[in-house]
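S.K.: Test case, fold it:
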Amino acid sequence: MVEGINSSNESEENSASEDHNDNQSNPDDVYVPVQEYTGDGYTLANGKETDLIANENRDVVEDAVKQFFQEEYKTEVKVHQIVGNVDGATVFVESVGEPHFYTYAIVPIDKANESIRTDKVWSQEAAVEDAISAGIYGKVQEEKFHNLTTLIENVAKQYNLVGLQDEAISVGANLYSNEYYFTSIFDEEPFIKVLNNYLDDPNQTINEWNKMLNIKKLDPNSIGITINLYMANEGADPDREAFDQLVKTIEKAKNIPKGNYAIFLHDNLINKKRASGSKDNSLRKSTPEEIIKE
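M.R.: Numbers count the residues shown, from 1 in each chain. Purely as a prediction, here's the structure:
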């Protein structure tokens, strides 16, 4: 995966030490209240020069990426952010229609000539495929994901917690996501059939996807679901009572998606460069104490 993209429970953990380093340097430049964060400021390593070139040629980059997804995945996408990386631009996209997912592609840039290599657009191994798989899982388990969202919203309302702003959800391209959680594919084997069928024909019914995926036989460890909540009030430390209630709610829940659940509660600030709230004071329930829902 592209450096800096939080695509797994582990990367959320690892970002805590990275964010701590940022905090020691210029915290006012790095952290913003989560309610103000729309994805602006997200960066990838050594991407300053290419970021400028890509965004000066945004129409060219967008057209190339949209064509790439149509040709390679028969998928219409809309482009959200374009972020420079060491050799080009990482372009965060959202699928149009169902199944719904977030992912990204990479557009190479010739820095010497400041030219966009529109004929060389690519994606990192399994990045788009995992996003499609997660989107199909989200569609098949739509009612259970709705139940999960409702449970989280109830706790958030009770303890004055918030999730991401809508504009920030696409940053990091975390597969099947909303303002409170994102998914990860830990084992691609169960999704091979649905993925191959998607590449043949993306426009299948939920019943057809359900039969191909066979949820009853799906190992919950195949799917990771990471929940991130933030304190609504600036300056407030993560509330242990709120965190414990959230954990208890997920542990007791019966009608939510199968998966391996990690839970994080952060203070009000998010690192805008990494799109991560993890810091030394974050409360977490994750490896090796994650919650397994069958």
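S.K.: use CA for all of it now, contacts and neighbours both
M.R.: Will do.
S.K.: Does the residue nearest to Ile292 when sequence neighbours are not counted belong to a helix, a strand or coil?
M.R.: Nearest residue to Ile292, sequence neighbours excluded (Cα to Cα, 6 or more residues apart in numbering): Asn260, at 4.7 Å. Three-state call for Asn260 (DSSP: H, G, I helix; E, B strand; the rest coil): strand.
S.K.: got a list of what Asn260 touches?
M.R.: Going by Cα atoms under 8 Å, 6 or more residues apart in numbering, Asn260 touches Pro220, Asn221, Ser222, Ile223, Gly224, Ile225, Glu290, Ile291, Ile292, Lys293.
S.K.: Now the residue nearest to Lys111 when sequence neighbours are not counted: phi and psi?
M.R.: Leaving out its chain neighbours, the residue that sits closest to Lys111 by Cα to Cα, 6+ apart is Thr50, at 6.9 Å. With angles defined as degrees, to the nearest 10, Thr50 sits at phi -70, psi -30.
S.K.: sorry, back to before: ok, of the contacts of Asn260, which one's closest to Ile256?
M.R.: Lys293 (7.9 Å; Cα to Cα).
S.K.: Would you check that that closest one makes contact with Gly259?
M.R.: Yes - counting by Cα atoms under 8 Å, Lys293 touches Gly259, with 5.4 Å between them.
S.K.: got any residues that touch both of the two?
M.R.: Pro220.
S.K.: Give me the contacts around the host helix or strand of Gly224.
M.R.: In the assignment (DSSP states H and E), Gly224 maps to strand 223-231. By Cα under 8 Å, 6+ apart, the residues outside strand 223-231 that reach it are 8-9, 34, 156, 160-163, 180-187, 237-239, 258-269, 277.
S.K.: Out of those residues, which end up buried?
M.R.: 8-9, 34, 156, 161-163, 180-185, 237-239, 258-269, 277 (16 or more other Cα atoms under 10 Å).
S.K.: Narrow these to those in strands?
M.R.: Using DSSP state E, the subset of these located in strands is 161-162, 181-185, 259-266, 269.
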